[in-house]
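1. Sequence and computational prediction follow.
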Amino acid sequence: MTRLQELRHAMARAGLDAVWISDPANVRAVSGFSSGKDGKVLVTQGDATLYTDARYTVQAAEESPLTAFIARPPATLEHAAPALAGLRVGFEADHLTVAALEDLRDHWPQVTLVGVQGLVQSLRAVKTPGEIQAVRDAQALADRVFAEVRPLIEAGARELEIASEIELRLRRAGAQSAFDLIVASGPRGAMPHGVASDRVIQDGDLVTVDMGAQLRGYHSDMTRTVAVGTPGAEMARVYRAVLEAEEAAVRAVKPGVRTADLDRLARDILTGHGLGEAFAHSLGHGVGLEVHEAPSLRGTSDDVLQPGMIITIEPGAYLPGVGGVRIEDLVLVTEGGYEVLSVSPKELL
Ligand SMILES: CSCC[C@H](N)C(=O)N1CCC[C@H]1C(=O)N[C@@H](C)C(=O)O
């Protein structure tokens with residue numbers, strides 16, 4: 001079944017006749033049009049139209065199998081109005097601004113507008129073979145770049161220099177960084193989102209590098225924590241504990257597993273090492289057209305793993321004023337269990 005067919009089934013289950021898609025990643029997922037922020041898609045049970053403007057006439061025709069209507073608002077909404085009269089039309093409540101919703105109400109007075117959440121996102125959680133290949137390629141590039149840059153992580157280098165070397169190599173390969181690079185050394189390692197600073201790396205530091213490539217619109221995500229010189233005994237112990245939690249959670253990945261149970265498994269191991277409080281975020285998330293997408297590997301999540309999902313497993317321990325450790329792998333859920341897509345070494349060198 002194509003994603004569009006899946007969406008129509010989901011619309012029927014939600015009691016919708018049509019859906020107005022405005023989230024850029026969802027626009028891309030449904031239409032193939034890569035400039036999703038400048039597009040919208042209207043899907044009915046019998047039709048699907050891509051709305052974008054004249055800057056994208058050629059690109060829309062090249063990238064999307066959908067009929068494109070080239071115009072700017074309000075002409076787009078006026079074009080759609082007649083076919084929608086009397087219908088229940090979903091809009092993406094967690095993406096549309098209040099002003100944009102007012103526009104829909106003004107131009108579609110005979111439409112019943114229904115806010116929906118996660119309709120397309122839940123379909124995106126299970127990747128197509130082409131999407132899996134795109135994430136695989138992005139991760140392979142990230143692994144290659146990490147191997148090239150690893151020798152540069154040494155005493156005297158600045159975090160920003162490491163980050164810019166990674167970015168440059170990704171750019172040269174036709175990709176870009178998937179997010180603001182996290183390079184957090186020494187005590188800065190206690191910040192889970194410690195983007196690279198001008199701190200000079202010291203002998204004995206642990207350095208957390210959280211990086212991803214964005215290639216053909218798809219992302220990868222991986223974290224390695226590396227030692228510069230010989231780390232202190234306490235941080236070496238923390239490293240071993242995080243690695244134990246990470247490897248145990250990866251081994252537990254298979255279809256049917258509740259993501260909340262995976263988070264619990266990793267958290268319990270860290271708690272056993274006295275580090276439960278130091279694990280300050282969820283175990284992971286889905287990765288695809290966005291770095292953070294469904295499923296969520298949070299303790300409160302109701303998500304269940306299915307073949308074709310691509311997730312991160314990334315426990316960490318953060319000790320304010322001291323430092324931190326995070327180890328993250330990118331994992332494909334397969335029929336029989338899992339495949340780890342990230343191959344960079346994890347021993348604390
Ligand atoms: C700004 S993108 C960060 C990518 C990173 N690998 C990542 O997802 N991190 C870093 C530490 C926590 C984790 C994160 O942000 N998790 C989210 C989903 C959460 O809310 O726990």
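-> Thanks, I have it. Predicted, not measured: the structure shown is a model, and the values here were computed from it.
2. Distance of the nearest residue to Arg105 once chain neighbours are set aside relative to the ligand?
-> Leaving out its chain neighbours, the residue that sits closest to Arg105 by CB to CB, 6 or more residues apart in numbering is Leu113, at 6.6 Å. C-betas here are computed from N, CA, C, even on glycine. To the ligand, Leu113 is 30 Å away according to CB to the nearest ligand atom, to the nearest Å.
3. now Leu215
-> 16 Å.
4. rewinding a little: double-check that the residue nearest to Arg105 belongs to a strand.
-> Yes - counting by DSSP: H, G, I helix; E, B strand; the rest coil, Leu113 is found in a strand.
5. Low-confidence stretches in the chain?
-> 349 (pLDDT under 70).
6. In contact with the residue nearest the centre of it: list those residues for me.
-> Nearest residue to the geometric centre of the chain (CA atoms, centre = their mean): Val291, 2.0 Å. By CB atoms under 8 Å, 6 or more residues apart in numbering, Val291 lies in contact with 178-179, 212, 219, 221, 285.
7. Try it again at 10 Å.
-> 178-179, 212, 214, 219-221, 285, 312 (CB atoms under 10 Å, 6 or more residues apart in numbering).
8. before we move on, the earlier item: show me what the residue nearest to Arg105 is bridged to.
-> Going by DSSP bridges, Leu113 is paired in beta bridges with Val89.
9. how much distance is there from stretch 244-258 to the middle of the chain?
-> Distance of stretch 244-258 from the chain centroid (CA atoms, centre = their mean, to the nearest Å) equals 19 Å.
10. Return the set of buried residues in it.
-> In terms of neighbour count (16 or more other CB atoms under 10 Å), stretch 244-258 has its buried residues at 244-250, 252-253, 255, 257.
11. now, the most widely separated pair of those?
-> Greatest spacing in the buried residues of stretch 244-258, by CB to CB: Glu244 and Pro255 (24.1 Å).
12. re earlier: nearest to the ligand among the buried residues of stretch 244-258?
-> Nearest to the ligand among the buried residues of stretch 244-258 is Glu246, at 12.6 Å by CB to the nearest ligand atom.
13. Next, that closest one: secondary structure please.
-> When classified by three-state DSSP, Glu246 comes out as helix.
14. Now do the contacts for it.
-> When contacts are counted by CB under 10 Å, 6+ apart, Glu246 touches 223, 266, 269-270, 283-284, 313-316, 325-329, 346.
15. Just name the closest of the residues you listed to Ala83, please.
-> Gly284 (41.3 Å).
16. residues contacting that closest one?
-> Listed by CB under 10 Å, 6+ apart, the contact partners of Gly284 are 221, 246, 249, 253, 259, 262-263, 266, 292, 295-298, 311-315, 328-331.
17. ok so, going back, could I get the buried residues of stretch 244-258 in JSON lines, plus columns for distance to Leu305?
-> Output for the buried residues of stretch 244-258, formatted as JSON lines (distance: CB to CB, whole Å):
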{"residue": "Glu244", "distance to Leu305": "21"}
{"residue": "Ala245", "distance to Leu305": "18"}
{"residue": "Glu246", "distance to Leu305": "17"}
{"residue": "Glu247", "distance to Leu305": "17"}
{"residue": "Ala248", "distance to Leu305": "15"}
{"residue": "Ala249", "distance to Leu305": "12"}
{"residue": "Val250", "distance to Leu305": "12"}
{"residue": "Ala252", "distance to Leu305": "10"}
{"residue": "Val253", "distance to Leu305": "7"}
{"residue": "Pro255", "distance to Leu305": "6"}
{"residue": "Val257", "distance to Leu305": "5"}
